[in-house]
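K.L.:
Provided below for reference: sequence and predicted model.
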Amino acid sequence: MSKRQVHKEHHDHIEAWRKDAEVLSYEEALQALDLLLAELQSDSVPLADLQQKVLHGEVYLSRCQTLLDSVEQSIVELDPTTLKAANDA
């Protein structure tokens, strides 16, 4: 398999994982990340699969970060006197 084919295969996997992760809640994505991390720490992952697992973990981590950023933004936008969205006040 050429480097280009390998790169395309990795890209296709990442896009599929991102699509799957889009519907996960923070808790679900974090649990999936924890399970993947436990698998990586158990030394049961063949070296050939290691990069794929790490990339998959990065997708879950990105999903968690996106959800946290969204919550943080909604908190920042709260009116401190009413605790309602500033644009609703």
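P.N.:
Nice, thanks for sending it over.

K.L.:
which helix in the chain runs the most residues?
P.N.:
helix 47-76 (DSSP state H).

K.L.:
Return the distance of that one from the chain's centre.
P.N.:
On the basis of CA atoms, centre = their mean, to the nearest Å, helix 47-76 sits 2 Å off its chain's mean C-alpha point.

K.L.:
what's it packed up against?
P.N.:
helix 3-21, helix 26-41 (3 or more CB pairs under 8 Å, 6 or more residues apart in numbering; DSSP states H and E). Yep, even glycine has a C-beta here, placed from its N, CA and C like the rest.

K.L.:
per-residue confidence averaged over that helix?
P.N.:
Mean pLDDT, helix 47-76: 93.

K.L.:
Stretch 10-29 now?
P.N.:
Per-residue scores along stretch 10-29 average to 93.

K.L.:
How far does it stretch from one end to the other?
P.N.:
In stretch 10-29, first residue to last residue: 20 Å (CA to CA, to the nearest Å).

K.L.:
Now that stretch: buried residues?
P.N.:
By 16 or more other CB atoms under 10 Å, the buried positions in stretch 10-29 come out as I14, W17, A21, L24, A29.

K.L.:
The closest residue to S25 other than its chain neighbours and S74, how far apart?
P.N.:
Distances taken as CB to CB, 6 or more residues apart in numbering put L67 closest to S25, at 7.6 Å, once the chain neighbours are dropped. The gap separating L67 from S74 is 11 Å, by CB to CB, to the nearest Å.

K.L.:
So for these two, which residue has more residues nearby?
P.N.:
Using other CB atoms under 10 Å as the criterion, L67 and S74 rank with L67 on top: 16 against 10.

K.L.:
Give me the distance between the more buried one and H11.
P.N.:
24 Å.
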